[in-house]
Each structure stands twice: as structure tokens, then as C-alpha cells.
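[1] Next comes the sequence, and after it the predicted model I'd like to discuss.
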Amino acid sequence: MPFQGVNQVEIIGYLSADPDIHQTATGKFVANFTIPTSRKWGEKDVTEWHKIVAWGKVAEVVSRYLKKGSLIRVEGFLSTNAWEDKNGAKHYKTEIIANQITMLGNRQSSGGAAKQSEEDAPPHSDGDLPF
């Protein structure tokens, strides 16, 4: 089988707001939050806003310990969803699906880690997605 590539993301940053925590119809926890990161582009600072989704046990840890300003490290993979609105316009949303979150500690957290197991991983269909 030919090489298929690698879809792996790692970012470190501060939560821009408190996480949005909810449960799916099947009772699985889902946490949504955003982390901005900045980089230099010539003379300018460019900020990217990363949408993060955590499922299962990782989402439960997020709900208990993370809030706006928490410094964390996120490992995961990119997932892009496409859909058409009622006017037929195509829309895309790219998110980082978090497999592991490490609390790096700051004034709001004491550090620690959460790792997602295979059974907590999100489905690869729209059947259990929260949107």
C-alpha cells in the first residue's frame, strides 16, 4: 500500500473563552473551544484561531479543569466538514479533533494530561456530530 500521509497537529496556547460543553443524544460528552496562535509574517503578527473539539473522557477533563486563559497543549488531527446551506452555497469548517490535552499550568490550572481512547474517538460520519 502506498504512503497515505500523516494528519497530525500540535498547538500550544491559551483558551480564548470558557469551553462550550454539552452531550450528544447518545450521552457522549463534547467540548468545543478556541485557541489563538500567532506568528510573524514579515513585519506583521498574524493570528490564527483554531477551533478544537474534544470528545468523551478528554471532553470531561476539559469541562472540569479548563476555562478562559488556561494554557494547554493539544495533540490531534485536522477534520474538515462540508455542507450546503438552503441557498445552495457550500460551506467548510476545519477543526482540530483533540486526542490528547496537556494542561501546562498557569495561574488557573495545576497541570495534568488527558488522553482519548479509541472508543471515545468521534465518528467519521455526521450521525453523532453536535452540529
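    Sure, I can see it.

[2] ranges for the strands of the protein?
    Along the chain, counting by DSSP state E, strands occupy 9-14, 20-23, 29-41, 44-55, 71-84, 90-103, 112-115.

[3] so what strands line up beside the fifth one?
    With DSSP bridges as the criterion, the sheet partners recorded for strand 71-84 are strand 9-14 (antiparallel), strand 90-103 (antiparallel).

[4] quick one, what contacts the residue nearest the centre of the chain?
    Compute the mean C-alpha point of the chain, and by CA atoms, centre = their mean the closest residue is residue 52, 1.8 Å away. Contacts for residue 52 (CB atoms under 8 Å, 6 or more residues apart in numbering) come out as 31, 32, 33, 34, 35, 74, 76, 95, 96, 98. For the C-beta atoms, the positions are set from N, CA and C on the backbone; glycine is no exception.

[5] For these, give me TSV that also has distance to residue 42, neighbour count and pLDDT.
    Formatted as TSV, the contacts of residue 52 follow (distance: CB to CB, whole Å; neighbours: other CB atoms under 10 Å; pLDDT from 0 to 100):
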residue	distance to residue 42	neighbour count	pLDDT
31	35	23	97
32	33	17	97
33	30	25	97
34	25	15	97
35	24	21	97
74	27	22	97
76	29	23	97
95	28	18	97
96	26	20	98
98	31	26	97
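
[6] Farthest pair within the residues you listed?
    34 and 76 (13.9 Å; CB to CB).

[7] Any idea which of the strands of the chain gets closest to residue 61?
    When those are compared by CB to CB, strand 112-115 sits nearest residue 61, at 3.7 Å.

[8] Show me where this structure dips below the pLDDT cut-off.
    Residue ranges of the chain with pLDDT under 70: 106-131.

[9] Look up how far residue 26 lies from the residue of the chain positioned farthest from its centre.
    Going by CA atoms, centre = their mean, the residue of the chain most distant from its centre is residue 1, 30.3 Å out. Look at residue 1 and residue 26: by CB to CB, to the nearest Å, they are 33 Å apart.

[10] Please apply the same query to residue 2.
    For residue 2 relative to residue 26 (CB to CB), the value is 36 Å.
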